[in-house]
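Q: Could you look at this predicted model? Sequence included:
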Amino acid sequence: MKILTLLLAFFLVSSPSSVYEFKLKTIEGKDFSLAKYKGKKVLIVNTASKCGFTKQYKDLEALSEKYKDKLVVVGFPANNFGGQEPGTNQDIKTFCKENFNVSFPMSGKVSVLGLDIDPLFQYLTTSPNPDFTGDIKWNFEKFLIDENGKLIHRFRSQTTPLSEDITKYLN
């Protein structure tokens, strides 16, 4: 019990204050930080290539292009739901380019659920926001980050990238 209390205290004291504090890898395996997008909104999306929502890549690309002066879309491939992202980073990159001409940044494959959850997604699923907290339920959940790296809205998979639910924050 004492160890658990110490771990909880450590986590609470050292919890990040924004998404800018996380170190990530691109789909090509290079280091990157979301801090490079300071001053723009960021839409973080957990993606998968073999999902019923995979067609949202098309709208994510359109959203990225339409609002490129205000918004950066970042895809995070994950294989947590139904084995719908089984490929390697190279497989995913090729699939996204060939099928949806994806040009927005993609991270390397991560886990968005469970004991091996990526620290960024641990932060996103527990950060206060006006919508909801808790585990990601499926592929293509979306997290809208403000210009200062704070989570401002969260959307379930069914919310399409070009819906007014999202675009009203970009106009």
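A: Arrived safely. These numbers come from a predicted model, not from an experiment.
Q: Every contact and neighbour count from this point should use C-alpha atoms.
A: OK.
Q: Run through the strands of this protein in chain order.
A: 23-25, 31-33, 41-47, 71-77, 142-145, 151-155 (DSSP state E).
Q: And the pLDDT for the residue nearest to the spatial centre of the chain?
A: Among the residues of the chain, Ile44 comes closest to the average C-alpha position under C-alpha atoms, centre = their mean, at 2.9 Å. pLDDT for Ile44: 98.
Q: what about the protein, any weak spots by pLDDT?
A: For the chain, the stretches flagged by pLDDT under 70 are 1-14.
Q: so what's Ser111 closest to, chain neighbours aside?
A: Ile117 (4.8 Å; C-alpha to C-alpha, 6 or more residues apart in numbering).
Q: which residue ranges form the helices in the protein?
A: Taking DSSP state H as the criterion, the chain carries its helices at 2-13, 56-66, 89-100, 119-126, 164-167.
Q: of those helices, which approaches Tyr20 most closely?
A: helix 119-126 (9.6 Å; C-alpha to C-alpha).
Q: okay, the angle between that closest one and strand 151-155?
A: 80 degrees (axes from the mean of the first three to the mean of the last three C-alpha atoms, to 10 degrees).
Q: Quick check: buried residues in stretch 124-137?
A: Buried residues in stretch 124-137, counted by 16 or more other C-alpha atoms under 10 Å: Leu124, Thr125, Ser127, Asn129, Ile136.
Q: now swap in stretch 66-74 and tell me
A: Counting neighbours by 16+ other C-alpha under 10 Å, the buried set in stretch 66-74 is Tyr67, Leu71, Val72, Val73, Val74.
Q: swap in stretch 75-84?
A: Gly75, Phe76, Pro77, Ala78, Asn79, Asn80, Gln84.
Q: The fifth one against Ala48, yeah?
A: Yes. Asn79 is within contact range of Ala48, at 6.9 Å (criterion: C-alpha atoms under 8 Å).
Q: what residues do those two have in common as contacts?
A: Among the neighbours of Asn79, those also in contact with Ala48 (C-alpha atoms under 8 Å, 6 or more residues apart in numbering) are Glu85.
Q: As TSV, the strands of the chain with distance to Leu162 would be great.
A: As requested, those are exported to TSV (distance: least, C-alpha to C-alpha, whole Å):
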stretch	distance to Leu162
strand 23-25	26
strand 31-33	25
strand 41-47	12
strand 71-77	12
strand 142-145	12
strand 151-155	12
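Q: Tell me which of these sits nearest to Asp59.
A: Proximity to Asp59, assessed across those by C-alpha to C-alpha, is greatest for strand 71-77 (10.8 Å).
Q: so that closest one versus helix 119-126, what angle?
A: Using the same axes, to 10 degrees: strand 71-77 against helix 119-126 is 110 degrees.
Q: Tell me which residues are up against strand 71-77.
A: Contact partners of strand 71-77, identified using C-alpha under 8 Å, 6+ apart, comprise 37, 40-48, 60, 63-64, 85, 92, 104-110, 170.
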